[in-house]
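Student: Show me the folded form of this:
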Amino acid sequence: METNWEEVFWKIVKDVRYLKGLEYGKPRTGHAEGTILNHVMDLEKNLERLQPSLSLDEYWKLRIMVHIHDCMKFYAKRDAAIEDPESHASLAAKLLSEYVADVDLMNMIQYHDEGYALWKQQESRGKYNAPRFQKVVRLIWDVELYLLFTILDGYTPSKEYEGIRWYVLEVEKEVGSGRFKEGVEVMKLFGV
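Tutor: The predicted structure is shown next:
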């Protein structure tokens, strides 16, 4: 049976945990917009710009990710590692699992901040954790959708765009040249 992604989206945005999570946040590094709700609204604008080039399923999957990826920060253990069951990413993936059995989408939510983390390692140490990088590339089947979300999430006024470009190009090197023409075109659309 095929998933009705629009229906999944409308169920998630009515969840009281999601709604409470939107209120969380104050202006900080990487999130000058403050609350999760403000961040989501920025990403909704990004998604609108991209919508004409997306299939209906891609649009609704990206919209679900836009809304759910950070909504559990309110409930998360502060500074938890990405795979910690109490990290915001783990809690968001778990929330998503209550609405859909799509392991790939759950992995995208679980590892949505990996690109930024690996780029920060590269910037500070001159290298990054290659096994950690390869794990994400192996776990996520729809790498193009994952990278499109990475671009959507990363293109906000308070984030460093250089990291987005670096990560997309590193993934392209890992899985083969040319697969991410659309991702590179999207980066150009957003000025990344």
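
Student: Flag the shaky bits of this protein, pLDDT-wise.
Tutor: Low-confidence segments of the chain, defined by pLDDT under 70, span residues 28-31, 158-160, 176-192.

Student: go with 50
Tutor: The chain contains residues with pLDDT under 50 at 179.

Student: in it, which spans are helices?
Tutor: 5-12, 16-22, 36-50, 56-68, 88-97, 103-110, 114-125, 130-139, 143-154, 161-175, 181-189 (DSSP state H).

Student: Out of those helices, which gets nearest to Tyr75?
Tutor: Tyr75 lies closest to helix 88-97 among those, at 5.6 Å (C-beta to C-beta). C-beta: built from backbone N, CA, C; applies to glycine.

Student: quick one: buried residues of that closest one?
Tutor: His88, Ala89, Ser90, Leu91, Ala92, Ala93, Leu95, Leu96 (16 or more other C-beta atoms under 10 Å).

Student: Now do it and helix 114-125, the angle between them.
Tutor: For helix 88-97 against helix 114-125, the angle by axes from the mean of the first three to the mean of the last three C-alpha atoms, to 10 degrees is 170 degrees.

Student: out of the helices of the chain, deepest packed?
Tutor: Looking across the helices of the chain with neighbours counted as mean count of other C-beta atoms under 10 Å, the highest average goes to helix 143-154: a mean of 24.

Student: What is that one packed up against?
Tutor: Applying 3 or more C-beta pairs under 8 Å, 6 or more residues apart in numbering; DSSP states H and E, one finds that helix 143-154 contacts helix 36-50, helix 56-68, helix 103-110, helix 114-125, helix 161-175, helix 181-189.

Student: 7 Å instead, please
Tutor: Judged by 3 or more C-beta pairs under 7 Å, 6 or more residues apart in numbering; DSSP states H and E, helix 143-154 is in contact with helix 36-50, helix 56-68, helix 103-110, helix 161-175, helix 181-189.

Student: Asn4: which of these is closest?
Tutor: Across the helices and strands packed on helix 143-154, Asn4 has its closest neighbour in helix 56-68 (8.5 Å, C-beta to C-beta).

Student: quick one, the closest one and helix 5-12 angle?
Tutor: With the same axes, to 10 degrees as the basis, helix 56-68 and helix 5-12 are set at 20 degrees to each other.

Student: Disregarding flanking residues, what is the spatial nearest neighbour of the spatially most central residue of the chain?
Tutor: Nearest residue to the geometric centre of the chain (C-alpha atoms, centre = their mean): His112, 3.9 Å. Setting aside the residues directly before and after it, His112 is nearest to His69 in space (C-beta to C-beta, 6 or more residues apart in numbering), at 4.9 Å.

Student: what's around that neighbour, how many residues?
Tutor: As a burial measure, His69 scores 26 neighbours (other C-beta atoms under 10 Å).

Student: again with Tyr75
Tutor: 15.

Student: wait, doesn't it sit right on Leu91?
Tutor: Yes - between Tyr75 and Leu91 a contact is recorded at 5.6 Å, counting by C-beta atoms under 7 Å.

Student: if we can go back for a sec, and of the helices and strands packed on helix 143-154, who's closest to Lys135?
Tutor: Among these, if distance is taken as C-beta to C-beta, the winner is helix 103-110, at 10.1 Å.
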